[in-house]
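Peer 1: Starting from these lines, generate the structure:
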Amino acid sequence: MAGLGCVTLMLILCLALGGIVVWTNGVGDAFRASEQEPPLAVEATAQASDAVPVLVPVPAEEAEDTAGGGTLEGAPVPAGVEGRLAYLYQEVNRGVVNIRVYTGRAGMAGAGAGSGFILDEDGHIVTNNHVVAGADLVTVIFHDGTEVRAEIVGTDGDSDLAVVKVDGDAWATASAGGARPLLLGDSSALSPGDWVVAIGNPFSLGSSMTLGIVSAIGRTIPSVETPFSIPMAIQTDAAINPGNSGGPLLALDGRVVGVNAQIESTTGTNSGVGFAIPSDVVRLVVPALIENGRYAWPWLGVTGTDVGLLVQQANDLPSQEGAYLFEVVENSPAAEAGLPGSSGEERVHGQVVPRGGDVVLAVNGEPIQDFTALLTAVAFKQPGDVIGLTILRDGEYQTTAVELAERPANLGR
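Peer 2: Purely as a prediction, here's the structure:
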């Protein structure tokens, strides 16, 4: 049923965006993707992977209605928070927009809807790349119902972020009507249990607010359009549904801590597991999208996994710390530095487990606990930076310098 749910939801995205299909495959493809963390790695059996809910982007909903009227749904709130939530909605909703996209290709017309938030007084608006990708026309609907045309300024498939902009006259009108930019918060300061709210356009019901908590931090999620992963994602149980994509996830101080992007679901609707791109990644990527229309990500060129029990046993490793390198991409920075991937396989308790690859234990002297930590350490560098990797190879500890390159545009596509 997980596969059927994926196909159904992907078809919704296809129709909404004029025939552009974006597929997120299961464990096997995730494991093979360059610098993408495999959710269950090689220790997942085929039977187990069939039962795993499919991680999918929140699709753009068919645009039929944008009538709003804020709604508050979700977990019970603690005493004293109710008044703050009502005030928060009144203040923050002015910085949230609905986004409509229109396409027309090969004689077929399509329309979809998503969300976004106002970034600055120049009329820049942040949303998801998968909301506006392939659109021939983008419009923005402000909190007062005014709809204006917007231009795509920059997109980044690797982070699933995009920036659109309304012109000066449109922004002046919106600003006079009360529209205001939202402030970016510090996603690294979040902890599980922190209260958060999501405001957006679920099912084309504009200006809807839901309440929940941060369920977990530091998740790694697929970028949908490219084989690379988005590090440090925020998991939340605040209801996120089709049409919420691109809208803000906010702390109770009103600052944006994430951009709502994906749900884990077998039905295509919220099941209490949603994911937001962290504001620290927004702060990294969006200025470059505004200035250059794109962001240049650094690239190491590896596929890997955590060192679980089976990997530890197959490779006779002293601990379960570090990032195990399963595959090194040919002609990548990692390959140029002589890092090897796995050289063979071994059956451990009936499971096929890779063996022979390097284990990265530290980057520039900072310990690496797992493969996600390696992805995060590399992601916040720049192409051309040289990093020192402490590795364990054949029982011996070594230090290797690697000069990072820019991610290739056509890898795995």
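Peer 1: Quickly list what Ala362 is bridged to.
Peer 2: Per DSSP bridges, the residues bridged to Ala362 are Pro367, Thr390.
Peer 1: list the contacts for it?
Peer 2: Contacts here follow CB atoms under 8 Å, 6 or more residues apart in numbering; on that basis Ala362 touches Ile368, Leu389, Thr390. Just so you know, the C-beta spots here come from the backbone N, C-alpha and C atoms, and that holds for glycine as well.
Peer 1: State the distance from it to His143.
Peer 2: Distance check for Ala362 against His143: by CB to CB, to the nearest Å, it reads 48 Å.
Peer 1: same check, this time on Ser223
Peer 2: From Ser223 to His143 the distance is 30 Å (CB to CB).
Peer 1: Let me have the contacts of Ala362 in a markdown table, adding distance to Leu284 as columns.
Peer 2: Rendered in a markdown table, the data for the contacts of Ala362 read as follows (distance: CB to CB, whole Å):
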| residue | distance to Leu284 |
| --- | --- |
| Ile368 | 20 |
| Leu389 | 22 |
| Thr390 | 25 |
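Peer 1: Check those against Arg294 and report the nearest one.
Peer 2: Leu389 (27.4 Å; CB to CB).
Peer 1: ok, that closest one touching Thr400?
Peer 2: Yes. Between Leu389 and Thr400 there is a contact at 5.0 Å, judged by CB atoms under 8 Å.
Peer 1: The two: which has the busier surroundings?
Peer 2: Shown here are Leu389 and Thr400; by other CB atoms under 10 Å, Leu389 has more neighbours (25 against 16).
Peer 1: For that one, list the residues it contacts.
Peer 2: By CB under 8 Å, 6+ apart, the contact list for Leu389 reads Ala337, Leu339, Val360, Ala362, Val363, Thr399, Thr400, Ala401, Val402.
Peer 1: In PyMOL, how would I select just the buried ones from those residues?
Peer 2: In PyMOL, a selection of the buried entries from those looks like this (16 or more other CB atoms under 10 Å):
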select buried, resi 337+339+360+362+363+400+402
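Peer 1: ok, then the element right after the lengthiest strand in the chain?
Peer 2: Among the segments of the chain that qualify as a strand by DSSP state E, the longest is strand 208-222. Toward the C-terminal end, the helix or strand that comes next after strand 208-222 (DSSP states H and E) is strand 229-236.
Peer 1: gap between the following helix or strand past that next one and the chain center?
Peer 2: Downstream of strand 229-236, the first helix or strand assigned by DSSP H and E is strand 248-251. Distance of strand 248-251 from its chain centroid, counting by CA atoms, centre = their mean, to the nearest Å, is 15 Å.
Peer 1: The helix or strand just after strand 248-251 packs against which elements?
Peer 2: Per DSSP H and E, the first helix or strand lying C-terminal to strand 248-251 is strand 256-264. Counting contacts by 3 or more CB pairs under 8 Å, 6 or more residues apart in numbering; DSSP states H and E, strand 256-264 is packed against strand 55-57, strand 108-118, strand 124-128, strand 195-200, strand 229-236, strand 248-251, strand 274-278, helix 279-292.
Peer 1: what is the rounded mean pLDDT of strand 256-264?
Peer 2: Across strand 256-264, the average pLDDT comes to 94.
Peer 1: what's the answer for stretch 285-305, then?
Peer 2: 96.
Peer 1: Quick check: end-to-end length of that stretch?
Peer 2: 25 Å (CA to CA, to the nearest Å).
Peer 1: rewinding a little: shared neighbours of Leu389 and Thr400, anything?
Peer 2: With CB under 8 Å, 6+ apart as the test, Leu389 and Thr400 both reach Ala337, Leu339.
Peer 1: Count the neighbours of Leu137 for me.
Peer 2: 13.
Peer 1: what do you get for Tyr295?
Peer 2: Neighbours around Tyr295, by other CB under 10 Å: 21.
Peer 1: What distance do you get for it to Thr390?
Peer 2: Taken as CB to CB, the span from Tyr295 to Thr390 is 28 Å.
Peer 1: What of Asp306?
Peer 2: Taking CB to CB, one finds Asp306 at 17 Å from Thr390.
Peer 1: Likewise for Pro248?
Peer 2: For Pro248, the distance to Thr390 - CB to CB - is 38 Å.
Peer 1: More neighbours: these two, which one.
Peer 2: Pro248 (31 against 19).
Peer 1: so that one makes contact with Asn201?
Peer 2: No. Applying CB under 8 Å as the test, Pro248 and Asn201 come out as separate, 11.7 Å apart.
Peer 1: Mind listing the shared neighbours of those two?
Peer 2: Contacts common to Pro248 and Asn201, judged by CB under 8 Å, 6+ apart, are Ser115.
Peer 1: Surely Glu121 is in contact with Ser175?
Peer 2: Yes. Glu121 is within contact range of Ser175, at 7.4 Å (criterion: CB under 8 Å).
Peer 1: Comparing those two, which residue is more hemmed in?
Peer 2: Ser175 (16 against 10).
Peer 1: That one: what's it in contact with?
Peer 2: Per CB under 8 Å, 6+ apart, neighbours of Ser175: Glu121.
Peer 1: so Tyr89, which of the three states?
Peer 2: helix (DSSP: H, G, I helix; E, B strand; the rest coil).
Peer 1: same thing with the one 10 residues further on?
Peer 2: Secondary structure of Ile99, reduced to three states by three-state DSSP: strand.
Peer 1: Is it bridged to anything, and to what?
Peer 2: Under the criterion used (DSSP bridges), Ile99 bridges to Gly114, Val140.
Peer 1: Ile118 too?
Peer 2: Ile125.
Peer 1: didn't it look like it was pressed against Ile125?
Peer 2: Yes. Using CB under 8 Å, Ile118 makes contact with Ile125 at a distance of 5.7 Å.
Peer 1: okay, and the common contacts of these two?
Peer 2: With CB under 8 Å, 6+ apart as the test, Ile118 and Ile125 both reach Val97.
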